[in-house]
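Student: below are the sequence and a predicted model; questions follow.
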Amino acid sequence: MPLTSYDLHTPFETHGPTHIQALLERLRLTDWMNRFPPRLVWSLYVLFNGFITIVLLSLVAIFTNNPFVFPSLGPTAYLFFFAPLSRASSPRHALLGHGLAILCGYLSLLVTGMELPHGIVHGINWQTGIAAALSLGFTGALMVLFRISHPPAGATTLIISLGLIVRPLDLVIVETAVLVLTIQAFAINRLAGLPYPLWES
C-alpha cells in the first residue's frame, strides 16, 4: 500500500520503516532490515540523519561565525525524519512556521521596549516575561489563522523573545538554517521513495 500521509500517532508496524526500507534497497543495504529489528533500524535512521543535520549546520556556523544551530532545529529535524509525511513536516509548514515565529519574537521585543541584544543571561524581568508571552501567543494564533502547523516554531519564537538570538542578520540566518534542513529532508526522503512534498502536504 503506497504511503500518502501519516501522522505521529500512526502505528509503527503500519508505516514506520517503509521509507527506510526503500532507502536501504536503493543503497543495496537491505540486509540491515533482515539482521536487525525494524524499530532499531528506524532508530538508527533518525540518529544518523539528526547527527548529519547538526554536523553540517555546525560546520557552517563555525566557518561563518553565525547562529546556524539553535535549539528548535532539533524538533524540526526529528519531525522531518521520524514522520516525514505528517502535515507538520512539509516544507510549507516548517518554513512558514519558523518565519512567523521569528517575526513574532522580534516584534514582541520591540513592543516591550527591550534593548537589543539583551540576552536571557541577565535574568527574567517583567519586560522579558511579557515579550515571551506575546511572542508565543501571537505565533500560535497566526499559525491557526494561516493554517500552519509546526510545533517547533514555538521554541523559535521564545529563543528570540528571550534574547538568545536577536540581531536582524541572525534572524535571517535562522530561517536560512531551516531552509537548509528542509532541503536535506526533501533530498533524503525523496531518495527513500517517499512522496515528500515540494511545498504543501
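Tutor: Cool, the structure landed.

Student: what is the mean pLDDT for the helix or strand where Ala61 lies?
Tutor: Under the criterion of DSSP states H and E, Ala61 resides in helix 38-64. Helix 38-64 carries an average pLDDT of 89.

Student: just stretch 20-27 next, same as before
Tutor: Mean pLDDT, computed over stretch 20-27, is 74.

Student: just checking, Glu175 touches Leu95?
Tutor: Yes. Glu175 is within contact range of Leu95, at 7.4 Å (criterion: CB atoms under 8 Å). The way it works is simple: take the backbone N, C-alpha and C, and place the C-beta from them, glycine included.

Student: with adjacent residues omitted, what lies nearest to the residue nearest in space to the middle of the chain?
Tutor: Among the residues of the chain, the one closest to the centroid is Thr76, at 1.9 Å (CA atoms, centre = their mean). Ranked by CB to CB, 6 or more residues apart in numbering and with sequence neighbours excluded, the top spatial neighbour of Thr76 is Pro152, at 4.5 Å.

Student: repeat that for Pro197.
Tutor: Excluding its sequence neighbours, the residue lying closest to Pro197 (CB to CB, 6+ apart) is Ser90, at 5.0 Å.

Student: so that neighbour touches Pro195, yeah?
Tutor: No. Here Ser90 lies out of contact with Pro195, judged by CB under 8 Å, at a distance of 11.1 Å.

Student: between those two, who's got more neighbours?
Tutor: Ser90 (27 against 14; other CB atoms under 10 Å).

Student: the residue nearest to the centre of the chain in helix, strand or coil?
Tutor: With DSSP: H, G, I helix; E, B strand; the rest coil as the basis, Thr76 sits in helix.

Student: got the residue ranges for the helices in the protein?
Tutor: Ranges of helices in the chain, per DSSP state H, are 12-15, 18-26, 31-35, 38-64, 73-82, 91-111, 126-145, 153-161, 168-191.

Student: endpoints of stretch 136-153, how far apart?
Tutor: 9 Å (CA to CA, to the nearest Å).
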